[in-house]
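>>> sequence and computational prediction follow.
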Amino acid sequence: MQCKVCDFLEGGFDYRNRTVAEILAKDDDWLESTHDYIQWLFPLDVKSFSNRNAPVILIDDILRISESDAAQQNLQASVKRMKEFWVTNDFWIKRYDHNHLRFTRVIKSLRLLSGPMAAEDFKEWLFYHLGLRVEEISPKARKHWAAA
């Protein structure tokens, strides 16, 4: 069976014919208001509750992505761009925001596809960025991040 998200992460297209590079070149307003790209940049092995078009990766897909230099480079570029987005926009630092779910997805996806160090590095960055403002985030979201 073909792995469309594997192809996407290796330089192909998502279900809307967008490449990773095209998505990462979008401005912050687009990244905030568009909700169907994050599942493609950071796929998981479970079904998305918010996007029926989100890919679900299987063990063979995880192995392929984790061993693919192109996919790993695109994952790193995606993390870098999303960090830039979240650093320059602090509207998400509040009790609840949909970006909190995105953080959980990024952490879980990195753990699956790039290994535990990549996931822990992202978590460390997130909590460092929040600093003392971490208390503004709901305990439930913080618990999800810690467990991811």
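Noted; the coordinates are in hand. Numbering: from 1, shown residues only.

>>> going by C-alpha atoms from here, please, whenever you check contacts or count neighbours.
Fine.

>>> and the lengthiest helix in the chain, what does it pack against?
What stands out as the longest helix in the chain, according to DSSP state H, is helix 69-88. Under the contact definition 3 or more Cα pairs under 8 Å, 6 or more residues apart in numbering; DSSP states H and E, helix 69-88 sits against helix 4-9, helix 20-24, helix 59-67.

>>> and the gap between the residue sitting nearest the centre point of the chain and W145?
In the chain, the centroid-proximal residue (Cα atoms, centre = their mean) is V106; its distance is 3.3 Å. Noted for V106: a distance of 10 Å to W145, by Cα to Cα, to the nearest Å.

>>> cool, and I107?
7 Å.

>>> okay, and the common contacts of these two?
K123 (Cα atoms under 8 Å, 6 or more residues apart in numbering).

>>> neighbour count for the two, which is higher?
I107 (23 against 20; other Cα atoms under 10 Å).

>>> the more buried one: what's it in contact with?
For I107, the contact set (Cα under 8 Å, 6+ apart) comprises A119, E120, F122, K123, W145, A148.

>>> picking up where we left off before, tell me the contacts of the residue nearest to the centre of the chain?
F42, A119.

>>> okay, now I23: neighbour count?
A count of neighbours around I23, defined by other Cα under 10 Å, yields 16.

>>> skipping its backbone neighbours, what lies nearest A54 in space?
Nearest residue to A54 in three dimensions, chain neighbours excluded: Q39, at 5.6 Å (Cα to Cα, 6 or more residues apart in numbering).

>>> surely the one you found meets P55?
Yes. Assessed by Cα atoms under 8 Å, Q39 is found in contact with P55 at 6.9 Å.
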